[in-house]
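**Student:** Okay, predicted coordinates and the sequence, questions at the end:
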Amino acid sequence: MSPVSLFLVFLMIWLIVFFMSLPFGVNVSGDKIIGNAKSAPDNPNLKLKLLISLFISLIPTLIIYWLINNNILFNLIINFDY
């Protein structure tokens, strides 16, 4: 697997995990600030969510990398009975 392919697999997994983590721990602001939506969060904790999604997405990326480099995934596809 080339480094570019590995990066693209990581990026796709990271985006899915990051977008799944966005709604967790969000507290809607009780104060009404002019120019903000009523549903705007007080503190979305984006830096923490970025780091957590980075480490969580490393696990499936490394598993996919291992499956492809050891030809396990290829052998499963070839030996699949239709």
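**Tutor:** Yes, it's here.
**Student:** C-alpha only now, for contacts and for neighbours.
**Tutor:** OK.
**Student:** for the helix or strand hosting residue 68, what is the average pLDDT?
**Tutor:** Residue 68 belongs to helix 46-69 when assigned by DSSP states H and E. Across helix 46-69, the average pLDDT comes to 94.
**Student:** what's the spacing between that helix and its chain's center?
**Tutor:** 7 Å (Cα atoms, centre = their mean, to the nearest Å).
**Student:** Identify each buried residue in that helix, please.
**Tutor:** Residues of helix 46-69 classed as buried under the neighbour-count rule (16 or more other Cα atoms under 10 Å) are 49-50, 53-54, 57, 61, 64-65.
**Student:** neighbouring contacts of whichever helix or strand comes after it?
**Tutor:** Tracing the chain past helix 46-69, the next element assigned as helix or strand by DSSP H and E is helix 72-78. When contacts are defined by Cα atoms under 8 Å, 6 or more residues apart in numbering, helix 72-78 is touched by residues 67-68.
**Student:** Show the average pLDDT along helix 72-78.
**Tutor:** Taken as a whole, helix 72-78 has an average pLDDT of 76.
**Student:** again with stretch 20-27
**Tutor:** Along stretch 20-27, the predicted local confidence has a mean pLDDT of 88.
**Student:** Quick check: end-to-end length of that stretch?
**Tutor:** End-to-end distance of stretch 20-27 (Cα to Cα, to the nearest Å): 16 Å.
**Student:** now do stretch 30-44
**Tutor:** Taking Cα to Cα as the measure, stretch 30-44 stretches 14 Å from start to finish.
**Student:** still on that earlier bit, may I see the buried residues of helix 46-69 arranged in JSON lines, with distance to residue 13 as well?
**Tutor:** Listed next are these as JSON lines, based on distance: Cα to Cα, whole Å:
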{"residue": "49", "distance to residue 13": "14"}
{"residue": "50", "distance to residue 13": "13"}
{"residue": "53", "distance to residue 13": "9"}
{"residue": "54", "distance to residue 13": "9"}
{"residue": "57", "distance to residue 13": "6"}
{"residue": "61", "distance to residue 13": "7"}
{"residue": "64", "distance to residue 13": "11"}
{"residue": "65", "distance to residue 13": "13"}
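**Student:** In those residues, find the pair that's most separated.
**Tutor:** 49 and 65 (23.9 Å; Cα to Cα).
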